[in-house]
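the amino acid sequence is not available; the structure is as follows:
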Ligand SMILES: [Zn+2]
């Protein structure tokens, strides 16, 4: 049996689409190939995204919701920013591919 990821029940394309505004969602999609160092530790994902700078993103499961943080200005305002979208989508892609 594969490791039952705590993200499997929570982190889906629909969840991401609900958290992010549509313009952010679209930009985040184009950032997926800028994600590096994607790793999961228990219920927490972390990665870096190369944008205007190199930003650190973390996404975790909080009950049936997602918590998230990004070091970019939008992320510091509590937004589910394009970097968060990119990391979340990168994870969904990876998980969908059986990783
Ligand atoms: Zn960000």
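Here it is on my side, so go on. Fair warning: this is a prediction, and the values are worked out from it, not measured in the lab.

and the protein, which residues reach the ion?
Listed as neighbours of the ion in the chain under the rule CB under 5 Å from the ion: 55, 70, 72, 75, 81, 83. C-beta: built from backbone N, CA, C; applies to glycine.

look at the fifth one and say how many residues are nearby.
Spelled out, that is residue 81. When neighbours are defined as other CB atoms under 10 Å, residue 81 has 28 of them.

for it, grab phi and psi.
Reported as degrees, to the nearest 10, the phi and psi values for residue 81 are phi -80, psi 180.

circling back to that earlier point, quick one: which of the residues of the chain next to the ion sit in strands?
The strands, defined by DSSP state E, take in 55, 70 from the residues of the chain next to the ion.

just the buried subset of the residues of the chain next to the ion, written out for PyMOL, thanks.
Those of these that count as buried under 16 or more other CB atoms under 10 Å are selected in PyMOL with:
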select buried, resi 55+70+72+75+81+83
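
quick check, central residue of this protein?
Nearest residue to the geometric centre of the chain (CA atoms, centre = their mean): residue 88, 2.5 Å.

can I assume it sits in a helix?
Yes: when DSSP: H, G, I helix; E, B strand; the rest coil is applied, residue 88 is found to be in a helix.

residue 59 versus that one, what's the distance?
Going from residue 88 to residue 59 by CB to CB, to the nearest Å gives 6 Å.

in this structure, what residue spans correspond to helices?
13-19, 22-29, 73-76, 82-96 (DSSP state H).

centre of the chain to the shortest one, how far?
Spelled out, it's helix 73-76. Between the centre of helix 73-76 and the centre of its chain there are 14 Å (CA atoms, centre = their mean, to the nearest Å).

re the thing from before, any common contacting residues for residue 88 and residue 59?
Overlap of the contact sets of residue 88 and residue 59 (by CB atoms under 8 Å, 6 or more residues apart in numbering) consists of 11, 45, 66.
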